[in-house]
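> what would the 3D arrangement of this be:
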Amino acid sequence: QNSTAYNLVSSGNHFDGDKRRSYAKTENAEIFFTIPEGDGSFKTVNAKNSQDVECFYRVIPDKGGQKGKLYFISGDYDLRALDNIDYYLNPVCEIQNISDRSFARKIIMTDPGSVIKRGDIWKIEENNKVKIKLV
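A predicted model of the protein is given here:
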């Protein structure tokens, strides 16, 4: 089986010992990340197969598993992302109303971005960042 999810399990990177969880669901299983690297990439070694409270991003790979859509997940920690905008948002997001930053309390995604898989990373396509709005 050549699926990314299967390879992650077989390499031991994401097995937490809970045999009730199935990490090798499908080739196109969505994956979650906390924050991007400074260059707008997400390392697969940091991927999570289920969403936890500190996950800000979800990648849904296409059928081939080499490209995908990147989604921002709004939640209880939006203020943390706003306080650390250079690390959490700027590498992969296009902020449509940055001037409203000082009054914002929530982040809303208006359009997903596109990512491409290069080796063991998912990299944002520069001209197709996630579009977000601060509210």
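> please make it C-alpha for all contacts and neighbour counts, starting now.
Will do.
> for this structure, where's the lowest mean pLDDT among helices and strands?
Here the helix or strand of the chain ranked lowest by mean pLDDT, DSSP states H and E is helix 4-10, holding a mean of 40.
> listing request: residues of the chain with sub-threshold pLDDT.
1-28 (pLDDT under 70).
> ranges for the strands of it?
Using DSSP state E, the strands of the chain run over 31-33, 41-43, 57-61, 67-72, 93-95, 107-111, 113-118, 121-124, 130-134.
> tell me which of the ones you listed lies nearest to Tyr87.
Checking the strands of the chain against Tyr87 by C-alpha to C-alpha gives strand 93-95 as the closest, at 10.6 Å.
> nearest residue to the middle of this protein?
Tyr57 (2.9 Å; C-alpha atoms, centre = their mean).
> sorry, back to before: out of the strands of the chain, nearest to Ala81?
strand 107-111 (8.8 Å).
> so what does that closest one touch, helix or strand wise?
strand 67-72, strand 130-134 (3 or more C-alpha pairs under 8 Å, 6 or more residues apart in numbering; DSSP states H and E).
> please redo it, this time with the cut-off set to 10 Å
strand 67-72, helix 78-83, strand 93-95, strand 130-134 (3 or more C-alpha pairs under 10 Å, 6 or more residues apart in numbering; DSSP states H and E).
> starting at the chain centroid, how far to the last one?
Which is strand 130-134. Centroid separation for strand 130-134 versus its chain: 14 Å, with C-alpha atoms, centre = their mean, to the nearest Å.
> between that strand and strand 113-118, how many degrees?
140 degrees (axes from the mean of the first three to the mean of the last three C-alpha atoms, to 10 degrees).
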